[in-house]
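*Asks:* Kindly return the folded structure for what I paste below:
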Amino acid sequence: MEDDAHFAADVARAAGELLLEIRDGASVTGRELGRLGDAQANDLILARLKTDRPDDAVLSEESVDDRARLDASRVWIIDPLDGSREYGMSDRADWAVHVGLWEAGKGMTASAVAQPAAGVMYSTADVSLPARSDRRPQLVVSDSRPPYYMDALAADVGGDVVTMGSAGAKAMAVVRGDVDAYVHSGGQWEWDSAAPVGVALAAGLHCSRIDGTPLTYNNSHPYVPDLLICRPELSEPLLRGIAAHATRDADSGRVAMAREYIKALVSHDATKLRLADACRRVENGNSTGDTGQFIRDDLEQGQQYKPIVAVRDLAFREWGTSVVGRYLLDLDGGVTVSVTEHFEIPAGDITTITAIIEPA
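*Replies:* Numbers count the residues shown, from 1 in each chain. Next comes the predicted model:
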C-alpha cells in the first residue's frame with residue numbers, strides 16, 4: 001500500500017487537476033464557480049479515502065461533521081478548495097488543496113498542499129527548511145482579514161507586511177522562503193491550517209498559536225482562533241511582539257459560527273456558514289427553515305432578507321453548547337428592529353436557530 005505521505009500528495013494532485021479542468025470549462029464564475037469546485041473536489045477526495053483508507057475518519061470543510069472522528073486514531077482533515085474566492089478569479093493562483101492526516105498522540109503527520117494553478121506540490125514526504133535570506137523579514141497576512149496589529153508587529157521586527165489569499169498559499173510561501181512568517185488572527189477552521197501546518201512542521205518551521213501554545217487538531221469544535229508559522233529564528237521576537245500588540249479577545253469557535261450567520265444576514269453570502277443538514281430555524285415562534293440548505297438559500301435569495309442593510313451593537317453570550325447574540329438590525333427606509341438570537345452548536349455545525357424579533 002502506498003505510504004500515507006505519498007498518498008496524500010497523490011490525492012491532492014488529483015483534486016487539483018480536477019479543479020483546473022472545472023475552472024477552464026465552467027459556465028459559472030465567482031462564488032458559484034468556487035462552490036462547484038469545492039463540491040466536486042470534495043467528492044473526489046472522499047471517494048479516494050473510502051477506497052484506499054476505508055477505516056480512517058474524515059473531517060472536511062464540505063461535509064457534515066461526524067463526531068465519530070473524536071474516537072478515531074486516524075483522521076484525514078481536508079479542505080478540497082482553500083481559497084474559493086481566489087479560485088473564482090481567473091487571474092489568481094493563490095488557492096490550494098489540503099489533504100492532511102492527524103494521528104492520535106502524534107498530531108498532523110502525512111500532509112500535502114497542492115497549488116494547482118502554480119503547478120507546485122508540497123508534501124511531508126519531501127520538504128526542507130528554506131535558506132535564510134538577508135532581506136528584511138516579510139510577514140504575509142490575509143488580503144481580506146489582516147490582523148489589526150500588523151503594522152506595529154512589523155515595526156518591532158524591522159519587517160514588511162505583504163498580503164495574499166488562501167491560508168495554504170500563505171503557509172507554503174513560508175515553506176518556499178518567499179516570505180518569512182504567516183500571521184493570522186480572527187479565526188480559521190481546522191481544515192484551513194491542518195495540512196499546511198503538517199508540511200511546515202516537516203520543513204522545520206515554527207508553528208503555534210499566537211500566544212505560543214501548540215496548535216491542536218481533531219478537536220470537538222474544529223475552530224482555530226489564530227496561528228503563527230515562521231522561520232525558527234523569528235519565533236521569539238514575533239511572539240513577543242504579538243503579546244504586546246494583540247490586545248483584543250478572540251472569538252470562541254461557537255461564537256465565530258454564530259457571527260458568520262449574522263454576517264450572512266447583511267452580505268447575503270452563506271458560503272462559509274456551517275449548518276447541520278437538519279438545522280431548524282424559528283423566528284417569533286414560526287418555523288422559517290428545517291434544513292441547512294434551505295436556510296442557506298433563504299439567506300442568499302429570500303426577499304425578506306434583502307432590506308437588511310446593517311447590524312449594530314452586536315454582543316454575544318456563550319455557555320455550554322449555546323450562544324446568544326443580541327443586536328440591532330437596520331432595514332431599508334430607516335426601520336430598526338431588535339433581535340435576540342439563540343444558536344445551539346453541539347459540535348462543528350449549528351443545529352438550531354431561534355430568534356425573537358421586536359421593534360427597537
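*Asks:* Please list all residues in contact with Leu314.
*Replies:* Contact partners of Leu314, counting by C-beta atoms under 8 Å, 6 or more residues apart in numbering, are Arg259, Ile262, Gly325, Arg326, Tyr327. The C-beta positions use only the backbone N, C-alpha and C, and glycine is treated the same way.
*Asks:* filter the residues you listed to the buried ones?
*Replies:* Those of the contacts of Leu314 that meet the buried threshold are Arg259, Ile262, Gly325, Tyr327, by 16 or more other C-beta atoms under 10 Å.
*Asks:* Okay, and which of those map to helices?
*Replies:* Of the buried ones among the contacts of Leu314, the ones assigned to helices by DSSP state H are Arg259, Ile262.
*Asks:* Which strand or helix spans Asp330?
*Replies:* Following DSSP states H and E, one finds Asp330 within strand 322-331.
*Asks:* hang on, the earlier thing: turn the buried ones among the contacts of Leu314 into CSV, columns for pLDDT.
*Replies:* Below are those laid out as CSV (pLDDT from 0 to 100):
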residue, pLDDT
Arg259, 96
Ile262, 97
Gly325, 98
Tyr327, 98
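*Asks:* that older thread, in the strand holding Asp330, what counts as buried?
*Replies:* Buried-residue list, strand 322-331, by 16+ other C-beta under 10 Å: Val323, Gly325, Tyr327, Leu329, Asp330.
*Asks:* show me the contacts for the closest residue to Gly168 other than its chain neighbours.
*Replies:* Of all residues not flanking Gly168 in the chain, Ala96 sits nearest, at 3.2 Å (C-beta to C-beta, 6 or more residues apart in numbering). Residues in contact with Ala96 (C-beta under 8 Å, 6+ apart) are 79, 82-83, 113-116, 166-169, 172, 196.
*Asks:* make it 6 Å
*Replies:* Ala96 makes contact with Asp82, Val113, Gln115, Ser166, Gly168, Ala169 under the criterion C-beta atoms under 6 Å, 6 or more residues apart in numbering.
*Asks:* State the pair within the buried ones among the contacts of Leu314 that is farthest apart.
*Replies:* Pairwise distances across the buried ones among the contacts of Leu314 (C-beta to C-beta) peak at 10.3 Å, for the pair Arg259 and Tyr327.
*Asks:* What is the neighbour count of Ala264?
*Replies:* 20 (other C-beta atoms under 10 Å).
*Asks:* Got the confidence number for it?
*Replies:* pLDDT recorded at Ala264 is 96.
*Asks:* Could you list the residues in contact with the strand or helix carrying it?
*Replies:* Here Ala264 sits within helix 253-267, counting by DSSP H and E. By C-beta under 6 Å, 6+ apart, the residues outside helix 253-267 that reach it are 187, 221, 223, 270, 272-274, 299, 308, 311, 316, 318, 323, 325, 343, 345, 350.
*Asks:* same question, stretch 162-170
*Replies:* Counting by C-beta under 6 Å, 6+ apart, 82-83, 86, 94-96, 98, 113, 138, 140-141, 143, 182, 192-193, 196 sit against stretch 162-170.
*Asks:* Drop the exposed ones from those residues and show what's left.
*Replies:* 82-83, 86, 94-96, 98, 113, 138, 140-141, 182, 192-193, 196.
*Asks:* Now tell me what touches the helix or strand hosting Val113 from outside.
*Replies:* Assigned by DSSP H and E, Val113 belongs to strand 107-115. Identification of contacts with strand 107-115 by C-beta under 6 Å, 6+ apart yields 4-5, 8-9, 12-13, 16, 96-103, 121-124, 168, 172, 194-199.
*Asks:* Count the neighbours of Arg317 for me.
*Replies:* For Arg317, using other C-beta under 10 Å, the count is 11.
*Asks:* Provide the partner residues of the nearest residue to it once chain neighbours are set aside in its beta bridges.
*Replies:* The shortest distance from Arg317 to any residue other than its chain neighbours is 4.9 Å, reached at Val324 (C-beta to C-beta, 6+ apart). Beta-bridge partners of Val324, counted by DSSP bridges, are Arg317, His342.
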